[in-house]
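*Asks:* everything below, folded, please.
(one chain, ligands or ions: 2)
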Amino acid sequence: MTDALVDIRDAHKTYETGSVAVRAVRGVSCRIDRGEFVAITGASGSGKSTFMHLLGCLDRLTSGTYHLERRDVGRLNRRELAALRNRRIGFVFQSFNLLSRTSIVDNVALPLTYQGVGRRERRRRATEMLERVGLADRLHHHSNQLSGGQQQRVAVARALVTRAPLILADEPTGNLDSTTSQEIMNLFTSLNRDEQVCIVVVTHESEIAAYAARHIVFKDGLIVTDEPTADKGAADASREAVLAS
Ligand code: ADP
Ligand code: MG
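*Replies:* Numbers count the residues shown, from 1 in each chain. Ligands and ions are numbered 1, 2, ... in the order given. Down below sits the predicted model:
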């Protein structure tokens with residue numbers, strides 16, 4: 001047993017669809033420590049989303065083991081898994097997944113209602129997170145009154161409001177233009193640096209992957225490379241220069 005945040009060993013996930021079995025993840029082992037910033041890339045169909053579903057405890061491994069903060073996820077029942085997801089993992093999706101006719105402060109507070117946090121405290125913490133993502137002046141707007149980039153900021157705030165140590169983002173910039181994508185990745189960068197939250201981002205764009213410190217590549221349901229991001233220092237320096245100008 002290790003003290004890794006994520007410790008996944010020889011994970012397999014096979015989907016049984018009618019007569020065919022799709023081996024989406026075929027023997028993946030991976031450790032991710034607290035506070036890491038990881039990008040996952042790979043061709044469409046290579047198993048990235050399936051792997052993220054396993055990491056997020058949204059689906060169970062067909063075989064292999066998964067420990068999240070030393071807890072053996074495979075031994076948890078549905079109720080325990082739901083509680084683990086709510087408290088320890090934040091999710092950010094390509095399509096934002098916000099409630100459209102609910103104020104953004106209530107969208108962000110939602111994960112706290114499942115924890116039984118009182119209304120006043122929920123509002124306080126949701127407001128604090130919305131300030132953190134630069135939306136303090138939009139608290140009572142509905143999400144359908146916001147731009148895509150603003151909606152994704154709300155989703156990031158919602159993912160962080162429980163102080164979960166692990167944020168999983170599957171193609172978080174897939175519906176955003178390149179400037180807005182950079183803003184979201186800069187936000188992830190500062191949250192990773194300042195709050196020590198571990199962020200795992202799936203993307204098909206190398207410019208997006210370059211924000212992370214570690215780059216994992218999937219191919220045919222397997223990890224084929226896992227290494228520090230190439231020229232991360234140079235990418236950071238050029239971004240700092242842009243931000244400073
Ligand atoms: P990626 O996110 O890299 O594009 P996925 O993890 O979504 O890849 O898919 C990996 C493989 O598993 C693909 O062949 C896909 O068709 C298949 N797959 C994904 N989800 C399901 C599912 N719920 N049922 C059956 N097959 C699936
Ligand atoms: Mg996918």
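*Asks:* all contacts plus neighbour counts: C-alpha atoms, from now on.
*Replies:* Will do.
*Asks:* kindly export stretch 8-25 (C-alpha atoms) in PDB.
*Replies:* Only the C-alpha atoms of stretch 8-25 are listed here, as PDB (Å, rounded to 0.1, in the frame of the first residue of the first chain):
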ATOM      1  CA  ILE A   8      -4.700   1.800  -9.800                       C
ATOM      2  CA  ARG A   9      -3.200  -1.600 -10.600                       C
ATOM      3  CA  ASP A  10      -3.700  -3.700 -13.700                       C
ATOM      4  CA  ALA A  11      -7.100  -2.200 -14.400                       C
ATOM      5  CA  HIS A  12      -9.300  -3.700 -17.000                       C
ATOM      6  CA  LYS A  13     -12.700  -2.500 -18.200                       C
ATOM      7  CA  THR A  14     -14.700  -4.600 -20.700                       C
ATOM      8  CA  TYR A  15     -18.100  -3.400 -21.900                       C
ATOM      9  CA  GLU A  16     -20.400  -6.300 -22.800                       C
ATOM     10  CA  THR A  17     -22.700  -5.000 -25.500                       C
ATOM     11  CA  GLY A  18     -24.900  -7.700 -26.900                       C
ATOM     12  CA  SER A  19     -22.700 -10.400 -28.400                       C
ATOM     13  CA  VAL A  20     -19.500  -8.300 -28.500                       C
ATOM     14  CA  ALA A  21     -17.200  -7.500 -25.700                       C
ATOM     15  CA  VAL A  22     -15.300  -4.200 -26.000                       C
ATOM     16  CA  ARG A  23     -12.100  -4.200 -24.000                       C
ATOM     17  CA  ALA A  24     -11.900  -0.400 -23.500                       C
ATOM     18  CA  VAL A  25      -9.100  -0.500 -20.800                       C
END
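*Asks:* distance from that stretch to the middle of the chain?
*Replies:* For stretch 8-25, the separation from the chain centroid amounts to 22 Å (computed by Cα atoms, centre = their mean, to the nearest Å).
*Asks:* now it: buried residues?
*Replies:* In terms of neighbour count (16 or more other Cα atoms under 10 Å), stretch 8-25 has its buried residues at 8-9, 11-14, 23-25.
*Asks:* name the residues that touch that stretch?
*Replies:* With Cα atoms under 8 Å, 6 or more residues apart in numbering as the contact definition, stretch 8-25 has outside contacts at 26-31, 45-47, 50-51, 60-67, 220-222.
*Asks:* residue nearest the centroid of the chain?
*Replies:* residue 168 (1.6 Å; Cα atoms, centre = their mean).
*Asks:* which element is the closest residue in space to residue 65 that isn't next to it in sequence on?
*Replies:* Nearest in space to residue 65, with sequence neighbours left out and distances taken as Cα to Cα, 6 or more residues apart in numbering, is residue 9 at 5.2 Å. Per DSSP states H and E: residue 9 is located in strand 6-17.
*Asks:* now stretch 164-176, how far from the centre of its chain.
*Replies:* 4 Å.
*Asks:* restrict that stretch to CA atoms and write it as CSV.
*Replies:* C-alpha atoms of stretch 164-176 as CSV (Å, rounded to 0.1, in the frame of the first residue of the first chain):
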residue,chain,number,x,y,z
ALA,A,164,-12.1,17.5,-2.9
PRO,A,165,-8.4,16.6,-3.5
LEU,A,166,-9.1,15.2,-7.0
ILE,A,167,-10.6,17.1,-9.9
LEU,A,168,-11.4,15.1,-13.1
ALA,A,169,-12.0,17.1,-16.3
ASP,A,170,-12.9,15.2,-19.5
GLU,A,171,-12.4,17.6,-22.5
PRO,A,172,-13.2,20.7,-20.4
THR,A,173,-12.3,23.0,-23.3
GLY,A,174,-14.0,21.0,-26.0
ASN,A,175,-16.8,23.5,-26.4
LEU,A,176,-14.7,26.6,-25.9
